[in-house]
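1. From the sequence below, what's the structure:
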Amino acid sequence: MAMSLVLHRVADYEAWRKVYDSFGHLQKEGGVTEESVHRMADDSNNVLVIHHFNSVDAARAFFARDDIREALQRGGVQGEPRIEFFE
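-> Next comes the predicted model:
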């Protein structure tokens, strides 16, 4: 089992969440087996997303997809997200 941690700042959490919720099918297609979203206690526009995968290779392939990168932009992610992979 593997997991990814994605930490990023968004312009507006509610707008970001609508986009995030709209691409659940891309997560399923991309091998996400479980996911959760968390907001920083003192800064609700600072978001941590945890995804579980069957392998690190599957996780890396998921984040390499153009449609995932486009969804991050549509959601108002500010700057480059920090993405880390764990086994």
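2. okay but residue 4 is in contact with residue 87, surely?
-> No - using CB atoms under 8 Å, residue 4 is not in contact with residue 87; the gap is 10.9 Å. Just so you know, the C-beta spots here come from the backbone N, C-alpha and C atoms, and that holds for glycine as well.
3. lowest-pLDDT helix or strand in this structure?
-> Within the chain, no helix or strand scores below helix 66-74, which has a mean of 88 by mean pLDDT, DSSP states H and E.
4. just checking, what packs against it?
-> Contact here means 3 or more CB pairs under 8 Å, 6 or more residues apart in numbering; DSSP states H and E; on that basis helix 66-74 packs against helix 13-22, helix 24-29.
5. got these as TSV, with mean neighbour count columns?
-> Below are those laid out as TSV (neighbours: other CB atoms under 10 Å):
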stretch	mean neighbour count
helix 13-22	15
helix 24-29	12
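6. Format those as a markdown table; extra columns: distance to residue 45.
-> Shown next, in a markdown table, are those (distance: least, CB to CB, whole Å):
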| stretch | distance to residue 45 |
| --- | --- |
| helix 13-22 | 5 |
| helix 24-29 | 22 |
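7. Return the member of those helices having the minimum mean pLDDT.
-> Among the helices and strands packed on helix 66-74, helix 24-29 has the lowest mean pLDDT, at a mean of 90.
8. Tell me how many other residues surround residue 10.
-> Around residue 10 there are 22 other residues, counting by other CB atoms under 10 Å.
9. Who does it form a beta bridge with?
-> Here residue 10 sits in beta bridges with residue 77, as judged by DSSP bridges.
10. for it, what are its contacts?
-> Counting by CB atoms under 8 Å, 6 or more residues apart in numbering, residue 10 touches 16, 45, 47, 75, 76, 77, 78.
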